[in-house]
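Student: 3D model of this:
(2 chains)
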Amino acid sequence: MNAAQQIDRDAVSDRTQPLLKVRGLTKLYGPEKGCQDVSFELYPGEVLGIVGESGSGKSTLLSLLSGRCPPDRGVIDYRLADTHKNAGQWLDLYSASEAERRTLLRTEWGFVEQNPRDGLRMAVSAGANIGERLMAQGVRNYQALRAAGLDWLNQVEIDPARIDDLPRTFSGGMQQRLQIARNLVSGPRLVFMDEPTGGLDVSVQARLLDLMRGLVRELDLAVVIVTHDLAVARLLADRLMVMRRSHVVETGLTDQILDDPQHPYSQLLVSSVLQP
Amino acid sequence: MNTLIEVRDLSKTFTLHQQNGVVLNVLRGLNFSVGGGECLVLHGHSGAGKSTLLRTLYGNYLPAGGSIRVQHQGEWLELVGAAPREVLQVRQQTLGYVSQFLRVIPRVATVDVVMEPALARGWKREDAQARAEHLLARLNISQRLWQLAPGTFSGGEQQRVNIARGFMVPWPVMLLDEPTASLDDGNRQVVLELINEAKGAGAAVIGIFHDRLAREAVSDRHLDMTPPDLDPQAPMASSVKETEEC
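Tutor: Below you'll find the model as predicted:
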């Protein structure tokens, strides 16, 4: 236990500071369409779930947070990794250049799409999908890329013998796991997920959830996950934001929101779920 | 007595917005504290709010008012209004909660379910596994089940897996919600031993025990949670009585 405490102490300065600071984030497509006045801080290793009905603004918020769509108002500050040339400095996401934002998205961040076909390159092999981020970071050694491909297929429970196969020959669950491997290979600190279990059948969902849960802990990832499935939220998220008609109506510890929701809409949301 | 948890003027209400905004006052003006090595047993009939109190202390329910302070890593920390990540820290290091029910995670093996609290604290895997196997054996979970996910186990087996998980690491403060309910005599005895060992190691225990034998085996004090409207003798200001012996 002493060794672990030592590691804790070394990591303490990193962990006591937020990774992401979001203030007054607003993007409206129409009255109550989009999201307004969202503020929160996300710490290293923390998993934040965003829940709410369709059209409540969850996906809009995720696009703003992940640098894909500039907000009408509001600021997102991100604390750069120690490996970055401006280590530990705060980057204002939408004041940064397009190139800086794109670099971030390929290295320190990841994005897992609901539909794996949107997040994978379907015309190249599984191994090439995994190697892409490493190549973008300058890894050129074929053996190293191959080894990373095999290692990550193994980690996401895909038979490494499938490394040269095209993703379209994979099942939906395997494609989703490949997409996760493709994102995690660069060792990101922050991963955005948009309904990652949405299109999968239930038996495949359980396996993917268990895998994601393990990886999030092992790699100490901070995650922002959008889901309308409260069981997924309970299993993965440390805390939740409940959205309704573009507003965040309630935030708190996941089990507190699910077991003792305060806002009328949260109560409706929780009580509407069928208990299996 | 070194106090490890201190509760002042704690109240809990439920507002049922889906049911015409009915407001239920479940806890009102609770005051108590528990020291290391001491077990406070919650008394009261069904519906008096015993489980609600434990869940509120754990942060699972949001208090309506008052204060819950715990000794967390050498400092007093106020849990009412604490940030989620602070509550999670307290749950990892300081505050343990054992109920009768195991929340099963699909596909995770029993031994991994049990050792998770230790791994979360950074124990070495071998140490965690040894302790988990020791507890599973003590709670009479057959060795052939250890590598299986507990989803298909009987209710009693799941309950004992959950108890093994609850006692996996030493907790400064433990909340026990009927851990001995519906166990056979042999297993109940093991759980009572585990509770007394935890007390011996300096834990402050707050528990609900419906069977008298279990209560007598671990209790040092009790907290009467009978609501004041059912007890005309009780003055409103101190609806809760603490007594030294039960």
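Student: So for the chain, the centremost residue is which one?
Tutor: Just so you know, I chose chain A. residue A:192 (2.3 Å; C-alpha atoms, centre = their mean).
Student: Can you look at chain B instead?
Tutor: residue B:175 (1.8 Å).
Student: Surely that residue forms part of a helix?
Tutor: No: in this structure, residue B:175 is strand, not part of a helix, as judged by DSSP: H, G, I helix; E, B strand; the rest coil.
Student: ok, it touching residue B:95?
Tutor: Yes: between residue B:175 and residue B:95 there is a contact at 7.0 Å, judged by C-beta atoms under 8 Å. Placement of C-beta: from N, CA and C, glycine included.
Student: Return every residue with contacts to both of those two.
Tutor: Here residue B:175 and residue B:95 share the contacting residues B:57-58, scored by C-beta atoms under 8 Å, 6 or more residues apart in numbering or on different chains.
Student: Run through the bridge partners of residue B:3.
Tutor: Residue B:3 has these beta-bridge partners by DSSP bridges: residue B:35.
Student: And it, how close does it get to residue B:35?
Tutor: Distance, residue B:3 to residue B:35, by C-beta to C-beta, to the nearest Å: 5 Å.
Student: do residue A:153 as well
Tutor: From residue A:153 across to residue B:35, the span is 54 Å (C-beta to C-beta).
Student: Okay, strands next: where are they in the chain?
Tutor: All of this is about chain A. Along chain A, counting by DSSP state E, strands occupy A:20-30, A:33-42, A:47-52, A:73-79, A:90-92, A:109-112, A:190-194, A:222-226, A:239-244, A:247-253.
Student: my bad, chain B
Tutor: Along chain B, counting by DSSP E, strands occupy B:3-16, B:22-35, B:39-43, B:65-72, B:75-78, B:95-98, B:173-177, B:204-208, B:221-224, B:241-243.
Student: Who does the third one pair with, and is each partner parallel or antiparallel?
Tutor: Spelled out, it's strand B:39-43. Strand B:39-43 is paired, per DSSP bridges, with strand B:204-208 (parallel), strand B:221-224 (parallel).
Student: Identify, out of the ones you listed, the most deeply packed stretch.
Tutor: Sort the strands paired with strand B:39-43 by mean neighbour count, taking mean count of other C-beta atoms under 10 Å in any protein chain shown, and strand B:204-208 sits at the top with a mean of 24.
Student: Tell me what angle that one forms with strand B:22-35.
Tutor: With axes from the mean of the first three to the mean of the last three C-alpha atoms, to 10 degrees defining the directions, strand B:204-208 sits at 140 degrees from strand B:22-35.
Student: so how far is strand B:204-208 off the chain centroid?
Tutor: On the basis of C-alpha atoms, centre = their mean, to the nearest Å, strand B:204-208 sits 6 Å off its chain's mean C-alpha point.
Student: contacting residues around it?
Tutor: Residues contacting strand B:204-208 (C-beta under 8 Å, 6+ apart): B:3-5, B:34-42, B:50-51, B:54, B:57, B:172-179, B:195, B:198-199, B:218.
Student: Ramachandran coordinates for residue A:71?
Tutor: phi -80, psi 160 (degrees, to the nearest 10).
Student: Can you pull out the low-pLDDT segments for chain B?
Tutor: Judged by pLDDT under 70, chain B has its weakly predicted residues at B:1, B:228-246.
Student: who touches stretch B:160-167?
Tutor: Residues from elsewhere that reach stretch B:160-167 (C-beta under 8 Å, 6+ apart): B:96-102, B:110, B:113-114, B:116-117, B:132, B:135-136, B:138-141, B:150, B:153, B:174, B:176, B:179, B:183, B:187, B:191, B:194, B:198.
Student: sorry, back to before: please report the distance of the residue nearest to the centre of chain B from residue B:97.
Tutor: The gap separating residue B:175 from residue B:97 is 5 Å, by C-beta to C-beta.
Student: Spit out the residues that contact those two alike.
Tutor: Counting by C-beta under 8 Å, 6+ apart, the contacts common to residue B:175 and residue B:97 are B:54, B:58.
Student: quick one on the thing from earlier: compare residue A:153 and residue B:35 (neighbour count), which wins?
Tutor: In terms of neighbours (other C-beta atoms under 10 Å in any protein chain shown), residue A:153 is the more surrounded of residue A:153 and residue B:35; the figures are 22 against 15.
Student: Can you list the residue ranges for helices in the stretch 151-276 of chain A?
Tutor: Remark: helices assigned in the stretch 151-276 of chain A by DSSP state H, counting those that start in this stretch are A:172-184, A:202-218, A:230-236, A:254-259, A:264-271.
Student: OK, now which residue of the stretch 51-200 of chain A is nearest to chain B?
Tutor: Per C-beta to the nearest C-beta, residue A:157 is where the stretch 51-200 of chain A lies closest to chain B, at 10.7 Å.
Student: tell me the contacts of that residue?
Tutor: So residue A:157 contacts A:177, A:207, A:211 (C-beta under 8 Å, 6+ apart).
Student: Turn the strands of chain A into TSV, columns for distance to residue B:22 and mean pLDDT.
Tutor: Supplementary listing: these in TSV, determined by distance: least, C-beta to C-beta, whole Å; pLDDT from 0 to 100:
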stretch	distance to residue B:22	mean pLDDT
strand A:20-30	36	96
strand A:33-42	31	96
strand A:47-52	25	95
strand A:73-79	38	96
strand A:90-92	47	94
strand A:109-112	41	95
strand A:190-194	37	95
strand A:222-226	33	96
strand A:239-244	21	96
strand A:247-253	19	96
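Student: quick one: residue B:214 and residue A:48, what's the gap?
Tutor: 40 Å.
Student: Ok, residue A:202 next?
Tutor: Residue A:202 sits 24 Å away from residue A:48, going by C-beta to C-beta.
Student: Same drill for these two, tell me which one is more crowded.
Tutor: The residue with more neighbours, out of residue A:202 and residue A:48, is residue A:48; 24 against 10, by other C-beta under 10 Å.
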